[in-house]
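>>> Quick one, what's the 3D model for this:
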Amino acid sequence: MDFAQPPVENYANPKTCFFHVLFKASALAFYILSALFFNSFVIIFVVTVLLSALDFWVVKNVSGRILVGLRWWNEINDLGESVWRFECLDQESLARMNKKDSWLFWWTLYLSAVAWIVLGIFSLIRFQADYLLVIGVCLTLNIANIVGFTKCRKDAKKQIQQFATQTIASRFSTMIQSAFSVV
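Prediction:
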């Protein structure tokens, strides 16, 4: 008997994974450790929000596209209404996406939001309303990505289901037509 472990899947995009985690970790780490080094709320606010904004941009425009094959944006139409736009890879490409990359993407997306919520609770307990502003901005950026990518993933699944339904219907129709054309 062979008791060898199955090969472990490596990250397909280690650099993208690194930067995906780096910006999330840097915003959280700076916020947590900044009280040790800075006495200025303005510096803490500006740097933390800047790091969080960089994280938002990297996740939305780079790591989301590379790690899970999804991209989203929101635009205002001519009537002044907010319209969500979604983009995803084709079915074949989505099926080939690296599971480890995808796992890292989704878990860090949700865990960073949980971390900001926990920090918000601590700020509430310590009556630090000004720091709640920092956390609120960072959490809003994080939740915007969660909502955008969750909607995008649901839209991608719907498109795959529609494609599968159309393909089956088309093949069935072709089969029926060929059966009757023989007669």
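
>>> pretty sure residue 106 contacts residue 64?
No: in this structure, residue 106 is not within contact of residue 64 by Cβ atoms under 8 Å, at 10.4 Å. In this view, the C-beta of every residue, glycine as well, is placed from N, C-alpha and C.

>>> Compare neighbour counts for the two and give me the winner.
Per other Cβ atoms under 10 Å, whichever of residue 106 and residue 64 has more neighbours is residue 64, with 23 against 16.

>>> check contacts around the most centrally placed residue in the chain.
Among the residues of the chain, the one closest to the centroid is residue 149, at 4.9 Å (Cα atoms, centre = their mean). Applying Cβ atoms under 8 Å, 6 or more residues apart in numbering, we find residue 149 in contact with 64, 68, 70, 72, 109.

>>> Could you dump the residues you listed into TSV with secondary structure, pLDDT and distance to residue 140 added?
Below are the contacts of residue 149 laid out as TSV (DSSP: H, G, I helix; E, B strand; the rest coil; pLDDT from 0 to 100; distance: Cβ to Cβ, whole Å):
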residue	secondary structure	pLDDT	distance to residue 140
64	helix	85	17
68	coil	83	22
70	strand	82	20
72	strand	78	16
109	helix	93	14
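
>>> can you redo these as TSV with distance to residue 88?
TSV is the format used below for those (distance: Cβ to Cβ, whole Å):
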residue	distance to residue 88
64	10
68	9
70	5
72	9
109	16
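
>>> So of the residues you listed, which two are at opposite extremes in space?
Across the contacts of residue 149, no pair lies farther apart than 72 and 109, at 12.7 Å, counting by Cβ to Cβ.

>>> what's the closest non-adjacent residue to residue 47?
The shortest distance from residue 47 to any non-neighbouring residue, by Cβ to Cβ, 6 or more residues apart in numbering, is to residue 30 (5.8 Å).

>>> Three-state assignment for that neighbour, please.
At residue 30 the chain is in helix, as set by DSSP: H, G, I helix; E, B strand; the rest coil.
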